[in-house]
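Asks: give me a model of this one.
(chains A and B)
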Amino acid sequence: MDLLEHQGKQFFSRYGLPVSPGFVARGVAEAREVADRLGYPVVVKAQVHIGGRGKAGGIRLARDADEVVAAADSILGMDIGGHTVGCVLVEEAASIAAEYYASFTLDRSAGLYLGILSARGGVDIESVAESDPGSIARTWVDPVDGLTEPETRRWVRAARLDDAAADELAEVLLSLYEAFVEGDADLVEINPLILTPEGRVRVLDAKVTLDDNSLFRHPEYRAYDATQPRDEREASAHALGLQYVGLDGTVGVIANGAGLAMSTVDVVAQAGGAAANFLDIGGGADVETMAAALRVINNDPAVKAIFINIFGGIVQGEVVAQGILDALDRVELRAPIVLRLDGTNADQGRAMVAPRLSDMLIMADSMSGGAALAVAIAGSR
Amino acid sequence: MSIWLDEHSRVVYQGLTGRAGRFHALRNRAYGTRVVAGTNPSKAGASVEGIPVFATVGDAVEATGADVSCVFVPAPYVRSAVMEAAGGGVTLVVVITEGVPAKDEAWLCGKLRRDHPEVRVIGPNCPGLISPGRANVGITAGDIALPGGPVGLVSRSGTLTYQALYELKQAGIGVTTCVGIGGDPVPGTSFTDCLAAFEDDPDTRAVMMIGEIGGSAEEEAAAFIAEHMTKPVVAYIAGITAPPGKKMGHAGAIVSGGKGTAAAKIETLSAAGVRVGESPSEAGRLMVEVVAGL
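Replies: Reported below is the predicted structural model:
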């Protein structure tokens, strides 16, 4: 899950990283109140899950209360790349002498952690990597050994950052590594990591992605769930524990297993249609899951046909059939279902739905055949 | 022949006394797999339908000669379970459990590389592997795979693996071994590991590879194929229409920063001489052509 800047900074400060004092505000009056408490000047920053806030006018410097009111008023409710700004971070303004970049991620193919450090922060690191690859210093860390201090110092020297700040930078990078590992993050990124005119190092922005699989070690991360960017459909599917991603088409897709669900979305596109969603009911889905999935899809007004593509493995054919039959009894279908059912106990499942087949529940004999049929139905309605 | 698993493999199930472990161990045994033991630290001496339960993998290996472990323990215990298996003397550890943190996977990868280079891990978050007609370790329904060869199959996705096995069976094509490597960011075994093993297996004469968006495992496989494979490879990549920045069910299946797209993977594989199908059934048809030409 992705953290907003203020959540990321709170996360960082738990590991001793130097973040500026600041508060979150959801309204203009609150923004002014916290700014008064901090003292001027302050920076008012839109809290959204997307980059390019500065260019969109979502970050403004305010030298007094009137400017804070004006800034908060214009930023709150603003649309940045399709994300509506619900709150702002009001933060003590910092003077900047230099802007650096620092991050840790996982290098999947090497099975090592990858640290990236650059003297050219404050801009998109991908474009720096292309235009000026020499300004980027990478270090690979063995997860078993961890990051050592001498290694960190060598890394800082390789990035050619300000020598006078080398000690403090090394300390910050070691803390960032600790946050990355102990905090079970997929990504920790500081851009920019700044040097003040006094030679102090500060975290000016925070981008943090946490590993969803680490919740058993960090139950407190559940609090971040509420601020994940989800559309209405995604939110209701998520509440039912379904793996759902909203898309723009008219064919509702339900499949078991992530790969098969992705493939089903692709095959619908190849048949000339477009899927309304990706929905994986999982390897061990039961009757309830199947019925819940069908309810979510049926509630989406964009859906004109529903394609259920199940290859029974652990999920057995009769369970899928029972889920569909249960849902048929409970909800009024707004779009016809095309069902493809193969694998474990598929025959039993097909026999169970056979008496209910109609123009609202149609059996397909293959994945591509089912996709073509669902696309044709969606196109005709 | 087959790779890594055959009728002589002796398998111990870590988590045999749990619901999923018991169900699949018994199913694997019914398929013909030599299921010799289970483990549970607090139930040593018990048995599950005649399968003896030991406290540790080490004890099971000593008493039964087990050389493969299949892990069904919950995600928080996977790291210690795999280390126990490696230290206990098995050489193949198949981890079915999903939801393992990436940090645990990366740590295991480093630790095994250093302390137990002889141990191969498959998974986590995978359906396991099956050498049809010989042995089945994991959760694949055995009857959807035709024994015999000449095709070796490797896949990042569970149900798509079944779909691929089914396509091959419909076409009357047998499989030497099918390996589900799992959809997590740091799998114990990569496409490249599987391709190398299939290249060395005399009975495997063609390989089918099922990939998906995210990471660069398919690109690395393409480089290996171009340089080292003499056997034909057919591929299918899921997620052509997946939107960037969205995790498509698997922890590893995400297009981020323009990297890991299906289009790029298909292009790289095609350039390496791989025939790429647009759908699982097209990949099946391509494999029929390849097998006919062998």
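Asks: from here on, just use CA atoms for contacts and neighbour counts.
Replies: Will do.
Asks: spatially central residue for chain B, please.
Replies: Most central in chain B under CA atoms, centre = their mean is residue B:180, positioned 2.7 Å from the mean C-alpha point.
Asks: what values do phi and psi take at the closest residue to that residue other than its chain neighbours?
Replies: Spatial nearest neighbour of residue B:180, chain neighbours left out: residue B:155 (4.9 Å); criterion: CA to CA, 6 or more residues apart in numbering or on different chains. When read as degrees, to the nearest 10, the backbone of residue B:155 gives phi -150, psi 150.
Asks: quick check: residue B:155 touching residue B:161?
Replies: Yes: if you go by CA atoms under 8 Å, residue B:155 and residue B:161 touch, sitting 5.9 Å apart.
Asks: buried residues in the helix or strand of chain B with the lowest mean pLDDT?
Replies: The helix or strand of chain B with the poorest confidence is helix B:158-170; it has a mean of 92 (mean pLDDT, DSSP states H and E). By neighbour count on 16 or more other CA atoms under 10 Å in any protein chain shown, the buried set for helix B:158-170 is B:158-169.
Asks: ok, and which of the residues you listed reach chain A?
Replies: The residues of the buried residues of helix B:158-170 that also fall near chain A, by CA under 8 Å from any CA of the partner chain, are B:158-160, B:162-163.
Asks: before we move on, the earlier item: same for the following helix or strand past the least confident helix or strand of chain B, what does it pack against?
Replies: Using DSSP states H and E, the helix or strand that directly follows helix B:158-170 along the chain is strand B:174-180. Using 3 or more CA pairs under 8 Å, 6 or more residues apart in numbering or on different chains; DSSP states H and E, the elements in contact with strand B:174-180 are strand B:128-131, strand B:150-155, helix B:158-170.
Asks: residue A:152 is nearest to which of these?
Replies: Evaluated with CA to CA, those place strand B:150-155 nearest to residue A:152, the distance being 38.2 Å.
Asks: tell me the strands beside the closest one, with direction?
Replies: If you go by DSSP bridges, strand B:150-155 pairs up with strand B:174-180 (parallel), strand B:206-212 (parallel).
Asks: distance from that strand to the middle of the chain?
Replies: 11 Å (CA atoms, centre = their mean, to the nearest Å).
Asks: pull the residues that contact it.
Replies: Residues from elsewhere that reach strand B:150-155 (CA atoms under 8 Å, 6 or more residues apart in numbering or on different chains): B:161, B:173-182, B:191, B:194, B:198, B:203-211, B:291.
Asks: part of a strand, is residue A:144?
Replies: No: Residue A:144 sits outside any strand when classified using DSSP: H, G, I helix; E, B strand; the rest coil, being coil.
Asks: state the number of residues packed around it.
Replies: 14 (other CA atoms under 10 Å in any protein chain shown).
Asks: joint contacts of residue B:155 and residue B:161?
Replies: Common neighbours of residue B:155 and residue B:161 (CA under 8 Å, 6+ apart) are B:180, B:210.
Asks: tell me which residues of stretch A:131-148 come out buried.
Replies: A:135-143, A:146-147.
Asks: cool, and stretch A:234-254?
Replies: Those buried within stretch A:234-254 under the rule 16+ other CA under 10 Å are A:234-235, A:237, A:242-247, A:249-254.
Asks: and chain B, which of those contact it?
Replies: Okay, of the buried residues of stretch A:234-254 touching chain B (CA under 8 Å from any CA), that's A:243-245.
Asks: can you tell me which of these is nearest residue A:44?
Replies: For those, the nearest to residue A:44 is residue A:245 (32.0 Å; CA to CA).
Asks: ok so, going back, can you tell me which of the strands paired with strand B:150-155 is most buried?
Replies: Of all the strands paired with strand B:150-155, strand B:174-180 has the most neighbours on average by mean count of other CA atoms under 10 Å in any protein chain shown, namely a mean of 29.
Asks: where does the stretch 201-350 of chain A have low pLDDT?
Replies: The model of the stretch 201-350 of chain A has pLDDT under 70 over residues A:283-284.
Asks: averaged pLDDT, stretch B:58-76. What do you get?
Replies: In this model, stretch B:58-76 has a mean pLDDT of 98.
Asks: got it, and stretch B:250-263?
Replies: 82.
Asks: so which bits of that stretch are buried?
Replies: Buried residues in stretch B:250-263 (16+ other CA under 10 Å): B:250-256, B:260-262.
Asks: what is the burial count for residue 57?
Replies: Using chain A. So residue A:57, with other CA under 10 Å, has 15 neighbours.
Asks: sorry, should have said chain B
Replies: With other CA under 10 Å as criterion, residue B:57 counts 32.
Asks: now it: how far from chain A?
Replies: Between residue B:57 and chain A the distance is 23 Å, computed by CA to the nearest CA, to the nearest Å.
Asks: kindly report the same for residue B:123.
Replies: Residue B:123 sits 14 Å away from chain A, going by CA to the nearest CA.
Asks: that residue touches residue B:92, doesn't it?
Replies: No: using CA under 8 Å, residue B:123 is not in contact with residue B:92, being 11.0 Å away.
Asks: looking at these two, which is more packed in?
Replies: residue B:123 (29 against 22).
Asks: let me know the pLDDT of the more buried one.
Replies: Residue-level pLDDT assigned to residue B:123 equals 96.
Asks: where along chain A do the helices fall?
Replies: For chain A, the helices defined by DSSP state H occupy A:5-14, A:28-38, A:65-75, A:125-131, A:149-158, A:166-182, A:232-239, A:258-270, A:287-298, A:317-330, A:346-353, A:367-380.
Asks: list the contacts of residue A:101.
Replies: By CA under 8 Å, 6+ apart, the neighbours of residue A:101 are A:116-122, A:125, A:189-193.
Asks: closest one of these to chain B?
Replies: Looking at the contacts of residue A:101 and their distance to chain B, the nearest is residue A:125, at 10.7 Å (CA to the nearest CA).
Asks: contacting residues around the closest one?
Replies: Per CA under 8 Å, 6+ apart, neighbours of residue A:125: residue A:101.
Asks: with the one 4 residues further on instead?
Replies: Going by CA under 8 Å, 6+ apart, residue A:129 touches A:135-136.
Asks: distance check, it against chain B.
Replies: From residue A:129 over to chain B (counting by CA to the nearest CA), the distance is 13 Å.
Asks: how near is that residue to residue A:123?
Replies: Taking CA to CA, to the nearest Å as the criterion, residue A:129 is separated from residue A:123 by 11 Å.
Asks: no more questions from me, cheers.
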